[in-house]
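Visitor: build the 3D model from these lines:
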Amino acid sequence: MENTQPQEALRYCLYARKSTEAEDKQALSIESQVKEMQTLALRECLHVVEVKRESHSSKEVGQRPVFNQMIEDVRQQKINAILTWAPDRLARNAGDLGAIVDLMDKKMLLDIRTYGQRFTNNPNEKFLLMILGSQAKLENDNKAVNVKRGLRTRCEMGWRPGVAPTGYLNEKHVDKKCQCRIDPRRAPVIKQMYEKVAYESWSGRKVYRWLKEIDFKTKTGKHLVLANIYLLLRNHFYYGTFEFPVGSGHWYQGKHTPIIDKELFDKVQSCLNENYIPKTESKEFAFTKLIKCGYCGAGITADEKFKKLRDGGVNRHVYYFCTKKGKDECKNPYINETDLIAELIELMDKVNLDEIGIKTRIEDEIKRFNKFRSGVLGYKQDKSSPEVDVRNYTKYLLREGTLIEKRELLSCLKSKLVLRDKSLNLE
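Guide: Below you'll find the model as predicted:
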């Protein structure tokens with residue numbers, strides 16, 4: 001006799017998904033799926049509790065927030081059935097497919113209904129669902145392989161995939177999407193950039209200022225920043241070759257028209273390498289976080305600059321400036337560290353060393369030094385020797401002390417140091 005035990009009522013979630021990777025081809029797919037499945041639900045008298053829509057690729061496991069929420073709803077028994085257009089809408093990877101089958105094994109997910117099929121907790125139906133899901137994963141994997149093979153083929157044909165660099169324009173035709181042609185407005189400027197660096201010894205900053213003066217803009221209507229200029233000056237594409245993918249070590253000979261020749265490119269690289277100075281000095285600065293701007297109240301920060309000397313040596317210069325400079329256009333000028341130390345030394349003549357506790361600390365340091373001098377080095381203490389001038393010692397620390405000594409000295413100040421127009425005062 002047939003089992004007539006009543007089946008648990010099915011509460012469906014209608015799940016519609018499209019891949020964001022094919023936005024132009026699937027612009028209407030979500031609403032089309034919803035409409036078709038709602039028609040099916042009405043015809044089959046299915047109880048749809050909610051409708052979930054998602055625009056997300058299913059290649060990666062657990063990366064779809066709406067899908068993850070639907071799985072959680074099944075675990076919490078808010079729903080126990082899924083209505084979707086096709087099995088590949090649910091999963092194109094083994095992880096998500098396994099989660100669905102696991103819920104069916106636990107009898108928490110009772111039914112999956114697609115446009116032309118139905119899957120229940122039946123071994124054959126679950127096996128078919130897994131085959132269809134695996135087939136979707138295979139198609140997905142093959143698509144990635146085919147795309148890479150297609151890009152490699154285009155490279156071997158001499159056409160670099162992707163957006164053409166400044167000085168070139170991409171062809172608009174679909175069959176020529178990797179091909180590019182000379183930009184008649186910008187290519188001559190790119191060539192002039194190379195020539196000015198190679199033959200006139202221009203620096204990147206000088207090129208940057210020149211491009212600003214002539215109002216040079218990219219095809220997107222933006223000015224080049226300094227980093228972009230250096231990237232352009234090192235781009236092999238301009239003399240006819242390119243690397244793809246970047247950093248892979250795979251080089252190809254392009255079919256595009258070069259803007260410059262290899263000789264000019266090599267000369268520019270030589271000039272750029274000669275002017276490059278590695279920053280091996282410490283990035284710690286003695287007086288940062290101890291001074292504030294006298295104009296806007298922001299903190300004072302620092303940066304270092306290096307100048308190459310004719311004898312091959314390098315000079316290091318440290319400049320202090322307002323942290324808001326360049327953003328809010330604070331008009332407080334920068335100050336060289338040498339001038340800042342001179343301001344601090346002058347300030348030491350104005351402060352009361354007893355009040356700020358510096359005098360006691362320095363006297364203790366002098367006593368410690370004298371003990372070391374007599375106890376370790378064997379010098380006899382001469383009581384008739386003159387006392388050390390504490391105020392001059394503070395000035396000595398500002399000039400010759402270590403970074404830590406300078407910071408400890410200024411941290412004793414109870415008042416905040418304020419820098420305004422290259423002049424230092426106590427607040």
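Visitor: now the helices: where do they sit in the protein?
Guide: With DSSP state H, the ranges of helices along the chain come out as 29-44, 65-75, 87-90, 94-105, 123-157, 187-200, 204-213, 226-233, 262-275, 337-348, 353-356, 358-375, 390-400, 403-411.
Visitor: those: which one's closest to residue 179?
Guide: Counting by C-beta to C-beta, residue 179 lies closest to helix 123-157 out of the helices of the chain; the figure is 9.0 Å. Using the backbone N, CA and C atoms, a C-beta is placed for each residue, glycine as well.
Visitor: if we can go back for a sec, mind putting the helices of the chain into a markdown table with distance to residue 424 and mean neighbour count?
Guide: Conversion of the helices of the chain to a markdown table gives the following (distance: least, C-beta to C-beta, whole Å; neighbours: other C-beta atoms under 10 Å):
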| stretch | distance to residue 424 | mean neighbour count |
| --- | --- | --- |
| helix 29-44 | 64 | 15 |
| helix 65-75 | 54 | 16 |
| helix 87-90 | 68 | 23 |
| helix 94-105 | 62 | 17 |
| helix 123-157 | 59 | 14 |
| helix 187-200 | 40 | 18 |
| helix 204-213 | 29 | 15 |
| helix 226-233 | 31 | 16 |
| helix 262-275 | 34 | 15 |
| helix 337-348 | 4 | 17 |
| helix 353-356 | 15 | 14 |
| helix 358-375 | 17 | 14 |
| helix 390-400 | 12 | 17 |
| helix 403-411 | 11 | 16 |
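Visitor: distance to residue 294 and mean pLDDT added to the ones you listed, as a markdown table?
Guide: A markdown table is the format used below for the helices of the chain (distance: least, C-beta to C-beta, whole Å; pLDDT from 0 to 100):
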| stretch | distance to residue 294 | mean pLDDT |
| --- | --- | --- |
| helix 29-44 | 58 | 88 |
| helix 65-75 | 50 | 90 |
| helix 87-90 | 63 | 84 |
| helix 94-105 | 59 | 87 |
| helix 123-157 | 57 | 81 |
| helix 187-200 | 40 | 93 |
| helix 204-213 | 28 | 90 |
| helix 226-233 | 29 | 91 |
| helix 262-275 | 36 | 86 |
| helix 337-348 | 12 | 88 |
| helix 353-356 | 21 | 59 |
| helix 358-375 | 23 | 68 |
| helix 390-400 | 20 | 80 |
| helix 403-411 | 17 | 80 |
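Visitor: of those, which is nearest residue 50?
Guide: Set against residue 50 and scored by C-beta to C-beta, the helices of the chain come closest in helix 65-75, at 8.1 Å.
Visitor: hmm, back to that, looking at the helices of the chain, which is nearest to residue 308?
Guide: Ranking the helices of the chain by proximity to residue 308 (C-beta to C-beta) places helix 262-275 first, at 7.4 Å.
Visitor: and that closest one, what other elements does it pack with?
Guide: helix 187-200, helix 226-233 (3 or more C-beta pairs under 8 Å, 6 or more residues apart in numbering; DSSP states H and E).
Visitor: can you do 7 Å?
Guide: In terms of contacts (3 or more C-beta pairs under 7 Å, 6 or more residues apart in numbering; DSSP states H and E), helix 262-275 is packed against helix 187-200.
Visitor: hey, C-alpha coordinates of the helix it packs on in PDB?
Guide: The C-alpha trace of helix 187-200 is given here as PDB (Å, rounded to 0.1, in the frame of the first residue of the first chain):
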ATOM      1  CA  ALA A 187      52.000  61.200 -29.600                       C
ATOM      2  CA  PRO A 188      54.100  64.200 -30.600                       C
ATOM      3  CA  VAL A 189      54.100  65.400 -26.900                       C
ATOM      4  CA  ILE A 190      55.200  61.900 -25.800                       C
ATOM      5  CA  LYS A 191      58.100  62.100 -28.200                       C
ATOM      6  CA  GLN A 192      59.100  65.600 -27.000                       C
ATOM      7  CA  MET A 193      59.100  64.200 -23.400                       C
ATOM      8  CA  TYR A 194      61.700  61.600 -24.300                       C
ATOM      9  CA  GLU A 195      63.800  64.100 -26.300                       C
ATOM     10  CA  LYS A 196      63.800  66.700 -23.500                       C
ATOM     11  CA  VAL A 197      65.000  64.100 -21.000                       C
ATOM     12  CA  ALA A 198      67.600  62.600 -23.300                       C
ATOM     13  CA  TYR A 199      69.100  65.700 -24.900                       C
ATOM     14  CA  GLU A 200      68.300  68.500 -22.500                       C
END
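Visitor: next, the angle helix 204-213 makes with it.
Guide: Helix 187-200 and helix 204-213 are oriented at 140 degrees to each other (axes from the mean of the first three to the mean of the last three C-alpha atoms, to 10 degrees).
Visitor: which residues touch helix 187-200?
Guide: Residues outside helix 187-200 that contact it (C-beta atoms under 7 Å, 6 or more residues apart in numbering) are 166-167, 202, 207, 216, 232-233, 238, 259-260, 264, 267-268, 271.
Visitor: same list (these) but as CSV, adding distance to residue 95.
Guide: Below are the contacts of helix 187-200 laid out as CSV (distance: C-beta to C-beta, whole Å):
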residue, distance to residue 95
166, 42
167, 45
202, 55
207, 50
216, 49
232, 43
233, 46
238, 45
259, 48
260, 50
264, 53
267, 54
268, 50
271, 53
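Visitor: and these, which is closest to residue 89?
Guide: Nearest to residue 89 out of the contacts of helix 187-200 is residue 166 (C-beta to C-beta; 41.4 Å).
Visitor: just give the number of residues close to the closest residue to that closest one other than its chain neighbours.
Guide: Excluding the flanking residues, the one nearest residue 166 by C-beta to C-beta, 6 or more residues apart in numbering is residue 218, at 5.3 Å. Residues lying near residue 218 (other C-beta atoms under 10 Å) number 14.
Visitor: one more: the one 3 residues further on?
Guide: Counted with other C-beta under 10 Å, the neighbours of residue 221 add up to 6.
Visitor: related to what we said a few turns ago, quick check: pLDDT value at the residue nearest to residue 166.
Guide: pLDDT, residue 218: 90.
Visitor: what's the answer for residue 79, then?
Guide: pLDDT, residue 79: 90.
Visitor: so who does it touch?
Guide: Neighbouring residues of residue 79 by C-beta under 7 Å, 6+ apart: 11-13, 49, 73.
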